[in-house]
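1. predicted model and sequence below, questions to follow.
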Amino acid sequence: MATLKSLCILDLLLFTLLLGTDGYFHHMHRECRFSSRDLQDLEFIDRYIFNKLEYLRYNSTLNKFIGYTEHGVKNAARFNRDGEAESQHTNLDGYCRPNAKLRFDAILDYPVEPTIEIMSATHGSHKHTSQLVCSAYDFYPRGIKMTWLRDGMEVTSDVTTTEELADGNWYYQIHSHLEYTPKSGEKISCKVEHASLPKGKEVKWDPTMSEVKRNKVIIGASGLVLGLIITIAGVVYYKKKSTGRILVPSN
């Protein structure tokens, strides 16, 4: 989303014509295409389509109508002759350019603050006994910096950070790993800098909170196992009772 591809559709006009019992679908597809912020390659396309078949198109780069069927060729020649192409060309600056700017301001330039959390990994490496992971989720746009701090000092070694990973829904995530050997009384935090955080945001690692979360998981898992055992016992008891019964046919 931060970098537009070759096509940005700003508007879609649909006109439907139903005749008798059979359905016919006619629509005009209006496109504004550009691939860069400066809009140097801005192009306006107006497509005329009937039942999935495009029969006529206006192209601002060529500044003329183009026909793709016999009916389209005839109308393209008429529109070009009557000056309709010049009228359509005004949409490049009158429609596409201002709307492209609105999309940048309202969507592409609007940063979304990440959700940040620190978790304890299962183990460290042969050098250190512990590992922490600082994760930033659901942020936009790309361009984020993560810094580990120990007692207010930046950590420059034993830190591994992933690339910004696209979620597939316009948002991104990133993860930074810190391997360390715990020291009594030290304070560890993860600082995140992003367009949505003018002053940055620092999240402190709280081992006690991690312990509480871990206990919740353990309690939840224990309850699940207990419920499963009770269910199995009930099924076994029911089968035993059913096996001991003698069915007597009724007259």
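-> Yes, it's here.
2. so what's the residue count around D82?
-> Residues contacting D82 under the criterion other Cβ atoms under 10 Å number 10. (Each C-beta comes from the backbone N, C-alpha and C, glycine too.)
3. which strands or helices does the helix or strand hosting S176 pack on?
-> Secondary structure assigned from DSSP states H and E places S176 in strand 172-180. Packing partners of strand 172-180 (3 or more Cβ pairs under 8 Å, 6 or more residues apart in numbering; DSSP states H and E): strand 130-139, strand 144-150, strand 159-161, strand 165-166, strand 188-194.
4. hmm, 10 Å instead?
-> Counting contacts by 3 or more Cβ pairs under 10 Å, 6 or more residues apart in numbering; DSSP states H and E, strand 172-180 packs against strand 115-120, strand 130-139, strand 144-150, strand 159-161, strand 165-166, strand 188-194.
5. any regions of the stretch 101-250 of the chain where pLDDT drops low?
-> Scanning the stretch 101-250 of the chain with the threshold set as pLDDT under 70 gives 122-126, 209-225, 227, 234-250.
6. let's see that with 90 instead.
-> Low-confidence segments of the stretch 101-250 of the chain, defined by pLDDT under 90: 101-110, 121-130, 168-170, 181-185, 206-250.
7. L56 contacts H71, doesn't it?
-> Yes: with contact defined as Cβ atoms under 10 Å, L56 reaches H71; the gap is 8.0 Å.
8. these two: which is more packed in?
-> Comparing L56 with H71 by other Cβ under 10 Å, the one with more neighbours is L56, at 22 against 13.
9. so what's the more buried one up against?
-> L56 makes contacts with 28, 46-50, 65-69, 71-76, 79, as judged by Cβ atoms under 10 Å, 6 or more residues apart in numbering.
10. please repeat the previous calculation with a cut-off of 7 Å.
-> Residues near L56 by Cβ atoms under 7 Å, 6 or more residues apart in numbering: Y48, F65, G67, Y68, G72, N75, A76.
11. hmm, back to that, which one of the helices and strands packed on strand 172-180 lies nearest to S87?
-> strand 165-166 (41.1 Å; Cβ to Cβ).
12. ranges for the strands of the chain?
-> 13-19, 22-33, 43-50, 53-59, 64-67, 115-120, 130-139, 144-150, 153-154, 159-161, 165-166, 172-180, 188-194, 197-204 (DSSP state E).
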